[in-house]
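Need coordinates for the following:
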Amino acid sequence: MGEAWFMGDDRAMFDYLGTVPVDELSDEQLDNVLSEIASGTRNFGHMDEWDDWFAYLLHRLVALKQAPSQRHLIELLTTGFFIQHPQRDDDTDYTNALQTLGQVIMGPSRWRDGRLILDHVLNGPPAGPSEAWGWWNVGGDLSVSLFFCLKYLHPQHIKEWLGSVFAIGDPHWRAQILVWLGATRALWDDGSAFPSDLKNQPPDAGWTDSMLIDGKLAPAFISEENRSAFKEALRPVLALRLDDWLASIAQVDYLEMEAVPYMVGLHDL
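Residues are numbered from 1 along each chain as shown. Presented below is the predicted three-dimensional model:
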């Protein structure tokens, strides 16, 4: 496999892919490979070498990189998948991808007794009590996982999936979900935006290399069928649970201060 961007006759090649086992590759090496596949495919189209190596690495890296400390690579993998598969295709079976890459955020290393392990959320707890934590942002691994399911699930399965999202009682999870809904509404409501349009200022719901996903790849990031199914399922759930969720979130002082002000427009859906 070779690099995507080069001038002249000399092209850098990732020869180590053929000589070093995947579990011995450094994060920097994997980062370089995945970034080249994503940016190369986005800008120059599919090439067999990028498609083949991405397929080879995908399930191996999902199996190896489950720890929260590896979320950067999981975000890169998901970005690559979005670019490799810019539109959900009814003739493609996404089950394996949804049950592996789409489920990393629910892995046991991120949860304890039904609650998020807070050391792994965002950048972890602040160093001192006077510092803000940053709950006005959404963790990149959570945001990309939500979009992955929303994009590739069949429309008939979105209601059940959304029900599972709202079945979790942890106020920190609830805060992240409601901030995500407000920050990303342009993508799932009217489909007028792409991840590249997500602002990298509060509330930030972007992830690693999300700026690569734009209108060059497909007419819409989320299909009309999936967006309609999502909104149809979301509105009654919010009508039933939003006030209770907000009350539970407000019981945690830093969530009330940092997250609640960014939960915008949800009563108007």
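
Just the strands from this protein, written as ranges.
With DSSP state E as the criterion, the chain has strands at 111-112, 115-116.

Just name the most buried of the ones you listed.
Mean neighbour count (mean count of other Cβ atoms under 10 Å) peaks for strand 115-116 among the strands of the chain, with a mean of 16. (C-beta placed from N, C-alpha, C; glycine too.)

still on that earlier bit, could you export the strands of the chain as a markdown table, including distance to residue 95?
What follows is the strands of the chain, written out as a markdown table (distance: least, Cβ to Cβ, whole Å):
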| stretch | distance to residue 95 |
| --- | --- |
| strand 111-112 | 23 |
| strand 115-116 | 26 |
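
Between the ones you listed, which one is closest to residue 193.
Proximity to residue 193, assessed across the strands of the chain by Cβ to Cβ, is greatest for strand 115-116 (27.5 Å).

What is the burial count for residue 18?
A count of nearby residues for residue 18, using other Cβ atoms under 10 Å, gives 9.

That one and residue 76: what is the separation?
In this view, residue 18 and residue 76 are 20 Å apart by Cβ to Cβ, to the nearest Å.

Same check on residue 125?
With the distance defined as Cβ to Cβ, residue 125 ends up 25 Å from residue 76.

the more surrounded of those two?
A count of neighbours by other Cβ under 10 Å puts residue 76 above the other of residue 125 and residue 76, at 23 against 13.

and that one, what is it in contact with?
Contacts for residue 76 (Cβ atoms under 8 Å, 6 or more residues apart in numbering) come out as 30-31, 34-35, 38, 208-209.

do that again at 7 Å, thanks
31, 34-35, 208-209 (Cβ atoms under 7 Å, 6 or more residues apart in numbering).

Where helices are concerned, which of these count?
The helices, defined by DSSP state H, take in 31, 34-35 from those.
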